[in-house]
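Novice: have a look at this prediction, sequence included:
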Protein chains: 2
Amino acid sequence: MENKATIHDIAKALKIDASTVSRALNNSPRVSQKTKDRIMAKANELGYQRNLLASNFRKRVTNTIGVIVPRISRHFFSSVISGIEEAVYDAGYNVLICQSLEQLNRERKIIENLLANRVAGVLLSVSMETVEWDHLLKMKNNGTPFLFFDRHCEIEGIRSVLIDDFQGGFDATEHLILKGCKSIAHFSGPQELAIYRNRTAGYRKALKKYKIPFKPELVLHSRLMEEDGAEGAKTLLSLPTEIDGLFSANDVAAIGAIKYFKKEGVNVPEKVAIVGFSNEPVSGIIDPSLTTMDQPGFKIGQIATKLLLEEISNAPNANPLMAKTTILKSSLIERDSSRKSNHQP
Amino acid sequence: MENKATIHDIAKALKIDASTVSRALNNSPRVSQKTKDRIMAKANELGYQRNLLASNFRKRVTNTIGVIVPRISRHFFSSVISGIEEAVYDAGYNVLICQSLEQLNRERKIIENLLANRVAGVLLSVSMETVEWDHLLKMKNNGTPFLFFDRHCEIEGIRSVLIDDFQGGFDATEHLILKGCKSIAHFSGPQELAIYRNRTAGYRKALKKYKIPFKPELVLHSRLMEEDGAEGAKTLLSLPTEIDGLFSANDVAAIGAIKYFKKEGVNVPEKVAIVGFSNEPVSGIIDPSLTTMDQPGFKIGQIATKLLLEEISNAPNANPLMAKTTILKSSLIERDSSRKSNHQP
DNA sequence: CATCAGAATACAATCGATTGTATTTGTGAA
DNA sequence: TTCACAAATACAATCGATTGTATTCTGATG
C-alpha cells in the first residue's frame, strides 16, 4: 500500500552507503557515473520517490513559495498567479496560494503560517487594511525573502514589482480630458495604499496640465466595491457641481457607477464618460463597455517570481545595488464608456 | 536573525526532558498542568515556534490539503475554494491550491507533487482531458484520502460532492419550454465528463416530457470556451432547422453565443432564448443578462472539506457504509435572456 | 615498488519533534 | 510504615535525507 522505498533500501540493495545514494540522487560530482547509473536503475526498480518532508526538514527550507493576494477571484490577481506558476514551474517549486480577503488579521495569520511552514520565499500584494507592518518586518527579520507586487509597502531592502500607477492615473484622466470632459470626478481607494495615492496623483497632474481646477469634493474615497461605486455615483449626482467625466481607480466601482447611472437615466458616455482601472473581464461585457487601464498581470507574476528566485538562491543578503523597484506600464483600452459621439479630438 | 528556539532549548532552560516539552505543547494528558504552565510560559518567553517541517516529517503527514481545480479564475471554483478555506480554517490545515488548466498532464504532475509533499488529503475537480485515471488510482493505492467535487470520476471507494446536473439540465430546458420554445439547441462539453453527460441527459428528459423530438444536430460538443460559443451560434444559424431556444452547459459559451447573435442582429430572447449554467458574475452584467443555473460553490467547498477531514481523521479504511456521493441542487436564476415578452405562461 | 594525489566511497552526526518504554515520584489504603 | 498502583517524567530510538570528515581505492610517477 504505502510507498516505502528510502535511500537506505537502495543502499542496502546495492551494498553501498546511504550517503552515496543521496549524493547520486542529487547528482553530486563526488559519485562516479558508474555508481550513479546503478543507483538510478535501482531507484526506478524500487519505485523510489524522494521524501520531501525529510529532505526539506534536513535542509531547513521547503521548495514552496507563498503567494498572498487579496482575493483570487479578481482577474488581475489570477493572471498574476498564472504568471507566477509559469515562472516557478521549471525551478521545481510549488506555489502556496493564500487570500487575505483584504483583511489585515488574515494577512497576519497567513504570514505566521507561511513562516511556520518555512516557505522558501513569499510574493505578496497587501490588503487594503495593511497600514501596520509588524508582520512584514517580522518576516524580514526572520530572513525569509519576499517581494511585493502591485500593492506594496515602503520597507527598507524589500523590492517591488509595480504598475506605473501615477502614469496610469494620468493617462486615464488625460483620455477623458481629450474626449472633451471639463469636470472630472475620481473614485479612489484607501489612501494608505500607494497604488491609490499614485493614481490620484496622476489624476491631479493631468488636471493641472490642462488647467482644469482640482475640486476636492469630486474625489470620493471608498473600498471600491460595486456598492461603493453606486453610492459614489449617487453622491456625485447630488453635488452642485455637474460632472461630465469619472475616473475610477478600479473597474468594480466603475461598474457600480455605470449601473447606477443607467438606472437613473444618466447617459454614459454622452452625459458622463467613465474610465476604470484593471481591465476585469466584465468590463468588456457590460453595456456600455468600460474604457479601462490594462495591467500586465501575467508579466508581473513572471518578473516578480524571477526576482524572488534570484534572491532565494543568492546569499542571504541580496545585492543592495540591485534596483529596488521594477515598474511596468499599464495601457489604456478604449471602449464605449468614453466614446462621446459629439466630440472629435 | 533566525528564529531559533526548539523544544530542547525550553527543556534545557527548565531542566526537564524534551519529550515532556513536546507532550506539553501538544496538550497531552501525560503532563501535569503545573508543568504545562511552566513550559508555556518559557515557550512564550523564548518566542518558540513549532518547526512544522520537523513535526510533519516525524508524523509522516503534513497539515496541508491539496486542492486541484481546472482554473481559479472561474467564479464557481473560486467560490468553492472560499468554502474550503473557511471549513479548513479551524482544523488548522493549509490549503495548497493548484490549477490543472484543463490539462491532463498538468493534473498528473500536480498529483505527483502533492504526493511527494505528503499532503494530508486532496480535493479535486478533474480537468476536461481527464479520461485516464492512472494518476488517481495511484493516489488511491498510495493511501492518500481524496474526494471529488463537481467534476468526478467513478472510482470505487472515492466519494464525491456534486451538483445535480441531471436535474439542472432538466430545469434549464423545461424553463425554455415553458417560455414557449419549440426548437431548443444545446451546447455540451466533453462527453467524458459526467457533468456534461448528465446535463445533456436532463435536456433530453425535458424534451421527452414535453414531447419535443430530440434532434442530434442541435447538440454541439466543444470545450465551452467563449469562442466555442460563438462558433456554435454560427453553426446553429446555418442549420436548416430554425431554433428558438438554447441551453448551454456553461455560461462562458452562452455569452459567446449571445455576443455572436447580437452581432448578427439575432434578437435574444425574442428570437432565441438562452439559458446558461454556473452563474458566473458576468452573466448578470451582460446585456441581455443571462438566465442561468446557480451552483452553491461555497457550500460544496464546505461540505467536501468536512467529508475529507472526516476521512483523514478516521481509520485509513473509511466506513464503506457511508454515502458515496453527496448531491446538491442547483437553482434557476431567471434573467432577461429568457424573458420573452410575447409569452405569458 | 613505494609513494602520493585525487577520486570514490564510507562513517557518523544531525535536523527537531514525536512516541513507546522505562523509571521515578506521589498518593492512599492496609 | 509499607506496598501497590497510578501519575508524572525521563530515556532513547526514530523519521529519511543531508553533509562534513574520514577512510579506502586507483592509478600515475619517479
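Specialist: Received it, and whenever you're ready, just let me know what you need.
Novice: run through chain A and note the low-pLDDT ranges.
Specialist: A:1-3, A:315-323, A:342-345 (pLDDT under 70).
Novice: show me what from it comes close to DNA strand C.
Specialist: When proximity is defined by CB under 7 Å from any atom of the strand, chain A lies next to DNA strand C at A:15-20, A:23, A:29-32, A:34-35, A:57-58, A:60. All C-beta atoms are positioned from the backbone trio N, CA, C, and that covers glycine.
Novice: what is the nearest of those to B:Asp294?
Specialist: Minimum distance to B:Asp294 across these is 45.2 Å, recorded for A:Phe57 (CB to CB).
Novice: burial count for the closest one?
Specialist: By other CB atoms under 10 Å in any protein chain shown, the residues close to A:Phe57 number 20.
Novice: go ahead and confirm it touches B:Leu53.
Specialist: Yes: between A:Phe57 and B:Leu53 there is a contact at 4.3 Å, judged by CB atoms under 8 Å.
Novice: follow-up on the earlier one: of the residues of chain A next to DNA strand C, list those near chain B.
Specialist: The residues of those that also fall near chain B, by CB under 8 Å from any CB of the partner chain, are A:57, A:60.
Novice: which two of the residues of chain A next to DNA strand C have the greatest separation?
Specialist: Farthest apart among the residues of chain A next to DNA strand C by CB to CB are A:Lys34 and A:Arg60. That separation is 32.3 Å.
Novice: these two: who's more crowded?
Specialist: Set side by side, A:Lys34 and A:Arg60 show more neighbours around A:Arg60, with 11 against 8, by other CB under 10 Å.
Novice: quick one: contacts for the more buried one?
Specialist: A:118, B:53 (CB atoms under 8 Å, 6 or more residues apart in numbering or on different chains).
Novice: repeat that for 10 Å
Specialist: A:Arg60 is in contact with A:118, B:2, B:51, B:53-54, counting by CB atoms under 10 Å, 6 or more residues apart in numbering or on different chains.
Novice: just these: which are in helices?
Specialist: Among the contacts of A:Arg60, the members falling in helices (DSSP state H) are B:53-54.
Novice: show me how far the helix or strand that A:Thr35 is a member of is from its chain's centre.
Specialist: Applying DSSP states H and E as the criterion places A:Thr35 in helix A:33-46. Helix A:33-46 has its C-alpha centroid displaced from the chain centroid by 43 Å (CA atoms, centre = their mean, to the nearest Å).
Novice: list the helices and strands it packs on?
Specialist: The elements that helix A:33-46 packs onto, with contact taken as 3 or more CB pairs under 10 Å, 6 or more residues apart in numbering or on different chains; DSSP states H and E, are helix A:7-14, helix A:18-25.
Novice: angle of that helix against helix A:18-25?
Specialist: Taking axes from the mean of the first three to the mean of the last three CA atoms, to 10 degrees, one finds that helix A:33-46 is oriented at 90 degrees with respect to helix A:18-25.
Novice: A:Arg108: how many residues sit nearby?
Specialist: Residues lying near A:Arg108 (other CB under 10 Å) number 18.
Novice: same thing with A:Ile10?
Specialist: 25.
Novice: that older thread, okay, the angle between the helix holding A:Thr35 and helix A:7-14?
Specialist: Angle, helix A:33-46 to helix A:7-14, by the same axes, to 10 degrees: 110 degrees.
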